[in-house]
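> Structural data only, the sequence is not supplied:
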């Protein structure tokens, strides 16, 4: 796509705003936004656009967004517009599809059989183990795992995919030059190299509470179904589930203890008719997919693990066979909290360390 045409799409996306409820209607009426550029001053658009949207269309020009495109190029951020072939087909179907996607990595990862795994940001060890079990089985079968790069179970799903050399898609609620949580910078960079990091926010956009809720619809929209390993009854995870249900996606939940607040959400979903998920094989069977055993060729072609950083080597000496807290590991390794978290993430991705609930870590 030419830069001039891409600028028209960026102009439209900025005017509509993220997660605009009327985006699907506008895109059906104006599949070529250049027509909207020509008609915006001569056609009454007040019935399909809000006052703010119409004001933005009239107050800006497509060429105003040429600088944004140039900024994306400088930062290695790719742009895919709604009418391009590599735009994820499932995402086109939702009522509020983003006119423009900003991404790093391999956009083809969003076109495979995608399935979302989401859950609590501060999970129990049960939730971590359940997520790791289900995600590993799905990843080894070649399923693209979609999640939100958040702390807790989102991150565990991404890590399981990377460990299995399987594609994973991280949907973000900020510009690609940002990262939240900051401790996931190494994980985000690894997904950019081996999967896809995708969002609807241009570089420079900071994270905000509303953006995370807007992001949740991308997780649900990209996926055939969603599995919740652990979640409170009122949480961002349950917001993702509500979006999935609105889009006609399948919902799976891991049963949990009736005494755990972290299982209130999943047990409620099961009571409402969600599919039970006790391992990944059940999900594969539901979709008629087969578990794929790695072949000798797979093992031969597996990418070599990158060398550990000096910080990760120091942290590896501090982590032991018994669980240790982050504070203990900082003290024993001599690393500040941010550097310690980055080192632990590096060790997790290398398969050397396992993260447990409450920011505790142990050797695998």
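Cool, the structure landed. Given the structure is predicted, the values throughout are model-derived calculations rather than measurements. Numbers count the residues shown, from 1 in each chain.
> Going by C-alpha atoms from here, please, whenever you check contacts or count neighbours.
Will do.
> give the contact list for the nearest residue to residue 277 once chain neighbours are set aside.
Of all residues not flanking residue 277 in the chain, residue 254 sits nearest, at 5.0 Å (Cα to Cα, 6 or more residues apart in numbering). Shown in contact with residue 254 (Cα atoms under 8 Å, 6 or more residues apart in numbering): 130, 227-230, 266-267, 276-278.
> Could you measure from residue 254 over to residue 131?
9 Å (Cα to Cα, to the nearest Å).
> what's the overlap in contacts for the two?
With Cα under 8 Å, 6+ apart as the test, residue 254 and residue 131 both reach residue 229.
> Which residues does whichever strand or helix holds residue 264 contact?
If you go by DSSP states H and E, residue 264 is part of helix 264-271. When contacts are defined by Cα under 8 Å, 6+ apart, helix 264-271 is touched by residues 228-234, 238, 252-256, 258, 276.
> Show the average pLDDT along that helix.
The average pLDDT within helix 264-271 is 96.
> swap in stretch 88-101?
Mean predicted confidence for stretch 88-101 is 95.
> Just the contacts of residue 254: which are in strands?
227-228, 276 (DSSP state E).
> Export the residues you listed to a markdown table and append columns for distance to residue 78, neighbour count and pLDDT.
Converted to a markdown table, these look like this (distance: Cα to Cα, whole Å; neighbours: other Cα atoms under 10 Å; pLDDT from 0 to 100):
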| residue | distance to residue 78 | neighbour count | pLDDT |
| --- | --- | --- | --- |
| 227 | 29 | 26 | 98 |
| 228 | 30 | 30 | 97 |
| 276 | 38 | 18 | 96 |
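> can you redo the residues you listed as CSV with distance to residue 196?
Formatted as CSV, those follow (distance: Cα to Cα, whole Å):
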residue, distance to residue 196
227, 20
228, 21
276, 28
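> which among these gets closest to residue 208?
residue 228 (23.1 Å; Cα to Cα).
> what's the longest helix seen in the chain packed up against?
Looking across the chain with DSSP state H, the single longest helix is helix 125-140. For helix 125-140, the contact count by 3 or more Cα pairs under 8 Å, 6 or more residues apart in numbering; DSSP states H and E identifies strand 144-147, helix 153-163, helix 280-286 as packing neighbours.
> Can you tell me which of the contacts of helix 264-271 are buried?
Burial by neighbour count, 16 or more other Cα atoms under 10 Å: within the contacts of helix 264-271 this picks out 228-233, 238, 252-256, 276.
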